[in-house]
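Peer 1: 3D, please:
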Amino acid sequence: MLIHSTNSQSTPSCDVVELVEKWRSNGMVNPNSQGKQNKDEDELEELCTKGNDKSQMVFLTALPLDVLGAIAMKLETIEDFICFTAVCRDWNHVSTLIKHQWRPIQVSWLLLAENTHENPGCVRKIFNLANNKCYQLRLPETFKTRCWGSAYGWVAMVDSDFNCQLFNPLTKARISFPTLQNIVIAPQTYEDKDDEDFICWLLTGSIVRVIVLKVSQNDPNEFAIMVLYKDWEAAVFARHGDQSWTPVEVRDSPIHASMVDVVAMNGHVYVLYEDGQIEFWNVEEFHRLELVKPRKYSPNTSVVYASFKETGAETIYLVQSGSDLLMVLRCKIDLRYVVDDYVYQNNFFEVYRLNPKEKTWEEIEDLGDRALFVGGNASMCVSVTHATNLQRGCIYFTDDDYDCWGMQCKPSGRNMGVYDLKNDQVWQFYEGDDTRSVFCPPTLFIPQL
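Peer 2: Residues are numbered from 1 along each chain as shown. Next up is the predicted model:
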């Protein structure tokens, strides 16, 4: 539950509870109402008939359930829906009936770094990019874990015992996956899991990315995850309910190229290598629980190679945008040591669209009404047509400078911002001082209930 909200500078602002209380104080809702009962009937009738020339008061909790459902379906944001559920029992009941049919406007939230200093309640802040507010949630489950956000409300988490699960920060729902303990074996020299060397190894030398995949369009609960580890050179896959991991064959090529990103689309899982090559699998093949060999798809990468050489691109991402596959090149330059931390001072990006017929990557300079989200989270794309405060044609990025994290085991999370692809401009979308962590720098996710 949202327990408090502030803006990005930590100044007080109206939260969900305050908004509900405001409705109640205005006589719009009755927190104890279950319909008209006994002595309350006269008061209800009076409230329903009172009014002036401009408006007429309506006692909302007396509305039929189907009308309440129609109202709820018109809500556009997660905050409004949570507020709706908090009004009274009837409204809460209606929300449970229509929750799986309701679709909010897609907006990314930023799960900020955990605060372990004088924080017995394990409260963690989440920043809403749509209204520049921070919500504080009690999330002890996320402390001392590595987290990767996704587009489906889930945050993938791996703890120091290599337990792996999906976690919804709003509903507290969880999906457990097989342990990674036998997949990623820590060196025997790391006996103390609070040891700084172990933390550095956990951050940079073991699991480098966990990506949440939606593998079925028909079943909303059918999720899978792909784990990239061993410095991007190995991968395993598991679906919800699997008892063990399916190993994924990594491409053997004369030019060393690591697996860098994964998306699921149209019943297939696509993987991008750092040289711009793509391989894919049919989702059903992963049920075999044995080594899965990919089908090769070899787009012409000459344009990508030229850009790599010219810009010195550090990281690339694979993003699904509707029916398109986009490759995003992130160029990090001017590495400096600033306030006990290594930070890239400048970021710029290039975006390419895959032409499946010509098997080529074609550069695009305008994303239209879309915004991309890349970095230490799943690569995501949303339409900003109805999304307040999100900028069209921009790339929002979080810190995934894994190499920098290993330098003296310093906490990281500084390298975040927004890049305007068309105008080649960069600015910050969050300026708080609570972004650094040795376990989990901030990660973006799209909330769902």
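
Peer 1: Helices along the stretch 51-200 of the chain, start to end?
Peer 2: Taking DSSP state H, counting those that start in this stretch as the test, the helices found in the stretch 51-200 of the chain are 65-73, 78-85, 89-98, 196-204.

Peer 1: which of the residues in the third one are buried?
Peer 2: Right, helix 89-98. For helix 89-98, the buried set under the neighbour-count rule, 16 or more other Cβ atoms under 10 Å, comprises 90, 91, 94, 95, 98. All C-beta spots, glycine's among them, are computed from the backbone N, C-alpha and C.

Peer 1: With mean pLDDT and distance to residue 332 added, can I get the helices of the stretch 51-200 of the chain in TSV?
Peer 2: Listed next are the helices of the stretch 51-200 of the chain as TSV, based on pLDDT from 0 to 100; distance: least, Cβ to Cβ, whole Å:
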stretch	mean pLDDT	distance to residue 332
helix 65-73	87	43
helix 78-85	88	32
helix 89-98	89	43
helix 196-204	62	16
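
Peer 1: so where do the strands sit in the stretch 1-150 of the chain?
Peer 2: Remark: strands assigned in the stretch 1-150 of the chain by DSSP state E, counting those that start in this stretch are 4-7, 109-111, 123-128, 133-138, 145-149.

Peer 1: Can you say which of these is nearest to residue 434?
Peer 2: The minimum distance between residue 434 and these falls on strand 123-128, with 6.4 Å, by Cβ to Cβ.

Peer 1: which of the residues in that closest one are buried?
Peer 2: With the criterion 16+ other Cβ under 10 Å, strand 123-128 contains buried residues 124, 125, 126, 127, 128.

Peer 1: export the residues you listed to TSV and tack on distance to residue 316?
Peer 2: As requested, these are arranged in TSV below (distance: Cβ to Cβ, whole Å):
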residue	distance to residue 316
124	30
125	30
126	28
127	26
128	28
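
Peer 1: sorry, back to before: which of the strands of the stretch 1-150 of the chain has the lowest average pLDDT?
Peer 2: Per-segment confidence across the strands of the stretch 1-150 of the chain bottoms out at strand 4-7, which has a mean of 48 in mean pLDDT.

Peer 1: returning to that earlier point: mind putting the strands of the stretch 1-150 of the chain in TSV, distance to residue 318 included?
Peer 2: Converted to TSV, the strands of the stretch 1-150 of the chain look like this (distance: least, Cβ to Cβ, whole Å):
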stretch	distance to residue 318
strand 4-7	34
strand 109-111	21
strand 123-128	25
strand 133-138	30
strand 145-149	15
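
Peer 1: Identify whichever of these lies nearest to residue 419.
Peer 2: Distances from residue 419 to each of the strands of the stretch 1-150 of the chain were compared using Cβ to Cβ; the shortest belongs to strand 109-111, at 15.9 Å.

Peer 1: What is that closest one packed up against?
Peer 2: For strand 109-111, the contact count by 3 or more Cβ pairs under 8 Å, 6 or more residues apart in numbering; DSSP states H and E identifies strand 123-128, strand 443-445 as packing neighbours.

Peer 1: which one of those lies closest to residue 176?
Peer 2: Smallest distance to residue 176 across the helices and strands packed on strand 109-111 (Cβ to Cβ): 18.6 Å, for strand 443-445.

Peer 1: Touching the closest one from outside, list them.
Peer 2: Residues from elsewhere that reach strand 443-445, judged by Cβ atoms under 8 Å, 6 or more residues apart in numbering: 108-111, 147-151, 153-155, 169, 373, 375-377, 380, 396, 398.

Peer 1: which of those count as buried?
Peer 2: Buried residues within those, counting neighbours by 16+ other Cβ under 10 Å: 108-111, 147-151, 153-155, 169, 373, 375-377, 380, 396, 398.

Peer 1: Is it correct that residue 65 is in contact with residue 90?
Peer 2: Yes. The pair residue 65 and residue 90 passes the contact test of Cβ atoms under 8 Å, sitting 7.0 Å apart.

Peer 1: is residue 419 in a bridge, and if so with what?
Peer 2: Taking DSSP bridges as the rule, residue 419 bridges to residue 395, residue 426.

Peer 1: How much space separates residue 371 from residue 211?
Peer 2: In this structure, residue 371 and residue 211 are separated by 19 Å, where distance is defined by Cβ to Cβ, to the nearest Å.

Peer 1: Run through the stretch 301-449 of the chain and note the low-pLDDT ranges.
Peer 2: Residues of the stretch 301-449 of the chain that meet the criterion pLDDT under 70 lie in 301-313, 333-346, 402-413, 438.

Peer 1: check contacts around residue 131.
Peer 2: With contacts defined as Cβ under 8 Å, 6+ apart, residue 131 is in contact with 79, 388, 389.

Peer 1: out of the residues you listed, which one sits closest to residue 120?
Peer 2: Distance to residue 120, by Cβ to Cβ, is smallest for residue 79 among the contacts of residue 131, at 26.8 Å.
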